[in-house]
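**Q** quick one, what's the 3D model for this:
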Amino acid sequence: MFFTRNDFHTFAILYACMRYRLLLFTVFLLTTCIAQTQVRVLNAVKTNLSVKIDAKVDDAAWKVAGVATDFIKNFPDFGTPASKKSEVRVCYDNAAIYIVAYLYDAKKNIRHQLTQRDVLERQDADLFTIGLDTYHDRQNAFIFQVSAAGVQGDARLSSNGFDRTWDAVWESSTALNADGWVVEMKIPFSVIRFAKKDVQDWGLQFTRFTRSNNEEASWCGQDPNVDGSVNQWGILKGLHQIVPPLRLSFLPYLSGGIRESPTSAGTVSETLKSGGMDVKYGINESFTLDMTLIPDFAQVQSDNVFLNLTPFQVKFEDFRPFFTEGTELFNKADLFYSRRIGAAPTGVQDVLDLVSTKPHYKIEKNPGITRLYNATKFSGRTKGNLGIGVLNTVSAPMYAKVTNMLTGKDSSFLTEPLTNYNIIVFDQALKNRSSISFTNTNVLRKGNTRNANVSSLDVSLFDKKNIFNVFWTGRVSSIWGKNGSYNGFNSSGGFKKVSGRLQYELNSGVISDKYDPNDLGFLPNNNSFQYSASVGYFVNNPTKRFLRQRYSFSVSNNYLYKPFAWSEFKLSSDNTVVFKNFWDVSVNIESSPLYFKDFFEARTPGVVLKRIPFVFAGTGGSSDSRKKLFISWYGGFAESPFPNDLFTTLSGGIRYRFSSKLQVSVNMDRQQDNGAWGFSHRDTISTQVAGYKDPIISFRKVRVNNLVALLLYNFTPRMNWSLRMRHNWTHLENLKFYKLKPDGDWYEIPFANNRNRNFNVFNVDMFYTWDFKWGSRITLAWKNALGSNVTLDPYTNTSYAKNFNKVFNNPHSNEVSLKVVYFLDYLNLKRK
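**A** Next comes the predicted model:
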């Protein structure tokens, strides 16, 4: 082949063009990288001008405020410029910080579904979020959100994650315009905390979520391959001489209603009435004192009760605001289970047992919950980033009243003594997201029957590049009193790679046989030793078919601590992909490939149950939640070498959005285990372990169905109505009974009564809520439940349809209540 002079000239031009394009591409990459790595700064502007919260950008204060723009995508394709223009302005005075955001978009594309407060994820609404890291420790922050429909959401962000239960009183307003939507916010300094400094910098982040294309964009891009969120924020620089006003507010309440409960002697009616007050006092800029007098814990969602076939306690959520709002500091060491406070008196069952053995006794009163005298929280951070928290609660002594129907004499029984619950936390935030914290919990009971103390030291250290993390925790518990004394310990630690596509973790932990944090904490079981390893691979940038990919594998080896003995070896893998149409699919596999030992199921010291190897495989997923019709599903099965013991699980959910105000959802879960092994009862004669009759183990078939239906109607951003129905059915059919050999193997024994069980729970919770003023609320509630004394025959009612039908043919309890809460701010009262 021969080339002419013209050919060489053409090649030279092409080469020059390629070099020019390569140079442009290189400049683009460098510019993008610098924009992503450089910390963005917005200068704080203090104003003496008034700001009216009306979703308009015409206030004079906004003309001099700094502007944040040029947002960067976080999802679906991190690092590229946002597809929609956003402009955010910030200013402040001595009372509050003000934010106005103009979020440009075609009006037809703006989604504005009405929802309940704080219920904003996976809803059909555009969102604007501001995050304030007021101590600039890159670990803790206040989050405030507003949807295009004007619905508020707020949370506390810490190393423990989002605390959505935190609710603050602040103002916002939204407006939909032809070229976008506007949100204006006023966040009083009284609802956040910060250090006392003449000049200070805060961590700052603005995030916009556009529902039409599922795009999340932030002022400071948040790399999904980097661990942490607050550490990737920008800076609000130069807040000068904030002189916050007195922080003092009152939240008095009145509630009343009626409850009707079915009993064997007929329906019992009870009048409900209560009143009290919460007080919040800002001791200074950094610390707040919360107090509640005669707290009212009515009008909370019914517990998701189910038949517990395990030897361990069940942990339920707490819906009581005082014990959930702003408690992220108290949960740092995971030693605080708030349901311990105000729980059922420990002597309730003793009274029931007494009456069951003596028919001539009648229960006149046997309270099912423990009343509280008061509760107090003190929390905040010093300018040196030392977090301090103290929580103290005093519960009232509870008494049961029983009448001897033969003599007419009444007897009173103490079911729960006067008790003081206390938590103290010191949490020092260090550089590079590291921290060290000390936590102490203490429970003292009058009469010295049983007292408890638990102390914990937690250390978490990150390297400067935020790639590796080393962690360790050590805890000791002490129980003492008339009922006995013992001490225990718990220690764990590990090393993990937390950033990058490839991440891994190695950890180990030991819990002694006498470690017991359960007077104020929650631990299913102690007496264990384990070590484990896991590895994960995460693809957070879009590929040809997927938006996100996550693959993980883990292995663990478990032992009994005392006497030291091997228990179980486990393997598991969890994998999830998100498709470009925003559907997702997950696959998970779990296996215990060897015969293993269960040291707890027999519920007898030193007695072990040998378990059969198994492998489980499951898959699930969900559709695009932007659509009116949203579905989710999951299915799986497990098999073992034992014949005819297939385990299956199947669940499905459907949600339909009829309008921006009305939506309905139904979720159904079904499990069937044809080869469940578990404790049934105790032998009435033989005893191998002193103090315990021999445990009888059953081989059984267990079926569980759980149905939850939810109807939501939102009248306005601050008024909604919800109706939730739940039915849980468990049917247990014992097929064979066994006794255990010393090595954990089993041998069959004859039986006359197969002890089948049929368990039903049915609840309806209806709430009408109206936030008629910022911080003030009226709630009307109706609660319906299947009577606690209702038992359906397990031999004739063997299908879900039969049980569901008969639930409505049996007596139910009903409760109707009205509660009014009114927010009073001291400064507003003073002005008036």
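**Q** from here on, just use CA atoms for contacts and neighbour counts.
**A** Fine.
**Q** surely Arg122 is in contact with Ser625?
**A** Yes. If you go by C-alpha atoms under 8 Å, Arg122 and Ser625 touch, sitting 6.2 Å apart.
**Q** those two: which has the busier surroundings?
**A** Neighbour totals were compared for Arg122 and Ser625, and Ser625 leads with 18 against 11 (other C-alpha atoms under 10 Å).
**Q** identify the residues contacting the more buried one.
**A** 122-124, 582 (C-alpha atoms under 8 Å, 6 or more residues apart in numbering).
**Q** let's see that with 7 Å instead.
**A** Shown in contact with Ser625 (C-alpha atoms under 7 Å, 6 or more residues apart in numbering): Arg122.
**Q** kindly report the same for Leu461.
**A** Counted by C-alpha under 7 Å, 6+ apart, Leu461 has contacts 434-435, 469-471.
**Q** that one belongs to a helix, doesn't it?
**A** No. Assessed with DSSP: H, G, I helix; E, B strand; the rest coil, Leu461 is strand; it does not lie in a helix.
**Q** and the pLDDT for it?
**A** Looking at Leu461, its pLDDT stands at 96.
**Q** for ChimeraX, write a command that selects the buried ones of the contacts of Leu461.
**A** To isolate the buried subset of the contacts of Leu461 in ChimeraX, counting by 16 or more other C-alpha atoms under 10 Å, use the following:
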select :434,435,469,470,471
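**Q** got CSV for the contacts of Leu461, with pLDDT and secondary structure too?
**A** Converted to CSV, the contacts of Leu461 look like this (pLDDT from 0 to 100; DSSP: H, G, I helix; E, B strand; the rest coil):
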residue, pLDDT, secondary structure
Ser434, 95, coil
Ser435, 94, strand
Asn469, 97, strand
Val470, 97, strand
Phe471, 97, strand
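**Q** strands of the stretch 51-200 of the chain, residue ranges please.
**A** Along the stretch 51-200 of the chain, the stretches classed as strands by DSSP state E, counting those that start in this stretch are 66-68, 72-75, 86-92, 96-104, 127-133, 141-147, 152-158, 161-163, 171-177, 180-188, 199-210.
**Q** out of the ones you listed, nearest to Thr684?
**A** strand 161-163 (49.5 Å; C-alpha to C-alpha).
**Q** list the buried residues in the closest one.
**A** Result for strand 161-163 [16+ other C-alpha under 10 Å]: buried residues 162-163.
**Q** looks like Lys280 contacts Met291 (just checking).
**A** Yes. If you go by C-alpha atoms under 7 Å, Lys280 and Met291 touch, sitting 6.5 Å apart.
**Q** and the strands of the stretch 51-200 of the chain: which comes nearest Asn705?
**A** With C-alpha to C-alpha as the yardstick, what comes closest out of the strands of the stretch 51-200 of the chain is strand 161-163 (30.5 Å).
**Q** which residues are in contact with the closest one?
**A** In contact with strand 161-163 (C-alpha under 7 Å, 6+ apart) are residues 155-157, 328.
**Q** turn these into TSV, columns for distance to Asn809 and neighbour count.
**A** As requested, the contacts of strand 161-163 are exported to TSV (distance: C-alpha to C-alpha, whole Å; neighbours: other C-alpha atoms under 10 Å):
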residue	distance to Asn809	neighbour count
Ala155	43	22
Arg156	45	23
Leu157	47	21
Glu328	44	22
